[in-house]
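Participant: any chance you can model this:
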Amino acid sequence: MIPISWYLILAAILFVIGAAGVLLRRNVLIVLMSLELMLNSVNINLLAFGYEMNDPRGQIMAIFIIAVTAAEVAIALGILVALLRNKRTLEVDDLTIMKG
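Facilitator: Have a look, this model is predicted:
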């Protein structure tokens, strides 16, 4: 049996990589992939704690997060396609169309 600390270390590493991608990168696609890494690290934590406590609620929450993430990706990619058609770039600094 693998100890729970290994799962927590893996999730922490994935979260740090995702946070660094969100903060340091300027391409919108890379920022979205980094957000996905961060959400997957949360899923790993939920599954690890659910298994450790013998409680299925961790798995249920992980499934809900996966469903919400899939919807978020579909909407975000639709927005990105529209922005790419109008602006011809995916750099965060160049996309000021949403400023109010």
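
Participant: give the closest residue to the spatially most central residue of the chain in space, chain neighbours not counted.
Facilitator: The centroid of the chain falls nearest to residue 36 when counting by CA atoms, centre = their mean (2.0 Å). Leaving aside its sequence neighbours, residue 36 sits nearest to residue 69 (CB to CB, 6 or more residues apart in numbering; 6.7 Å). Any C-beta I mention is one placed from the backbone N, CA and C, and that applies to glycine too.

Participant: how much space separates that neighbour from residue 8?
Facilitator: Distance, residue 69 to residue 8, using CB to CB, to the nearest Å: 21 Å.

Participant: so which bits of the lowest-mean-pLDDT helix or strand in the chain are buried?
Facilitator: Comparing helices and strands within the chain by mean pLDDT, DSSP states H and E singles out helix 57-87 as the least confident, with a mean of 90. For helix 57-87, the neighbour count (16 or more other CB atoms under 10 Å) marks 58, 61-62, 69, 83 as buried.

Participant: can I get these in TSV including distance to residue 52?
Facilitator: Converted to TSV, these look like this (distance: CB to CB, whole Å):
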residue	distance to residue 52
58	9
61	14
62	14
69	23
83	43
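
Participant: out of those, what pair is the most spread apart?
Facilitator: 58 and 83 (36.2 Å; CB to CB).

Participant: check the gap between residue 35 and residue 67 for me.
Facilitator: 16 Å.
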